[in-house]
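In: Any chance you can model this:
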Amino acid sequence: MANEQKRLSGTSILSLPTEVLSEVLARVASSSSTDLFRAKLCCKLLNEVSDADIVYQRVSLAKFELVPWHKNHKVSSFLKKCRQCKNPDALYRKGVVDFFTDKHGDSALECLEEAANSGHADAAYALGIIYIFVGGDELKRKGMSLLSGMKKSGILKGRVKLCRDNLRALLRMI
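Out: From the prediction side, this is the model:
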């Protein structure tokens, strides 16, 4: 009987406010999409809370193929929801794939700009390169400004080579 009272008096994670639960799930999602999907299966409440925009905005896409071999409707709709919620990695991937597969138009550049503006270093690098090699004089200046800003930034200074390597790897996958 004492164990039952102790168990019932404990605080459950499900008793937390929805905003706190969505923040917890967003942090889980930023580390692992697999863990997010497992959390969704735990109970109805976590499944509902995991549909918050903040979760889709932060979810890690590391385990998702850039260009899937087979079309999967669930994956496609998941990635679309990530883009709608302004997930920087989803926007970056969409922008690069669309730009370099002859679907490039304003929408590809808009995706890259949005991702770069949210602090996605790889998107800023890709956008700078695209502006330099494809744009007119004004865009070339903008591209040079983006890249030199990355070099001057204390945080991004060491990331330029990594961004270049990431873009190369991504283009090889396309």
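In: and stretch 116-126, how far from the chain's centre?
Out: How far stretch 116-126 lies from its chain's middle: 11 Å, per CA atoms, centre = their mean, to the nearest Å.
In: wait, residue 129 sits on residue 143?
Out: Yes - Residue 129 lies in contact with residue 143 (CB atoms under 8 Å); the separation is 6.9 Å. C-beta coordinates here come from the backbone N, C-alpha and C atoms, glycine included.
In: more crowded one of those two?
Out: Comparing residue 129 with residue 143 by neighbour count (other CB atoms under 10 Å), the higher total belongs to residue 143, at 19 against 16.
In: Give the closest residue to that one in space, chain neighbours not counted.
Out: For residue 143, ignoring the flanking residues on the chain, the nearest one in space by CB to CB, 6 or more residues apart in numbering is residue 131 at 2.9 Å.
In: what's the helix or strand harbouring that neighbour packed up against?
Out: For residue 131, the host element (DSSP states H and E) is helix 121-134. Counting by 3 or more CB pairs under 8 Å, 6 or more residues apart in numbering; DSSP states H and E, the packing neighbours recorded for helix 121-134 are helix 88-98, helix 106-117, helix 137-152, helix 160-173.
In: Could you export the ones you listed to JSON lines, including columns for distance to residue 74?
Out: Conversion of the helices and strands packed on helix 121-134 to JSON lines gives the following (distance: least, CB to CB, whole Å):
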{"stretch": "helix 88-98", "distance to residue 74": "15"}
{"stretch": "helix 106-117", "distance to residue 74": "22"}
{"stretch": "helix 137-152", "distance to residue 74": "35"}
{"stretch": "helix 160-173", "distance to residue 74": "21"}
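In: Let me know which of those helices is tucked in deepest.
Out: Of all the helices and strands packed on helix 121-134, helix 88-98 has the most neighbours on average by mean count of other CB atoms under 10 Å, namely a mean of 24.
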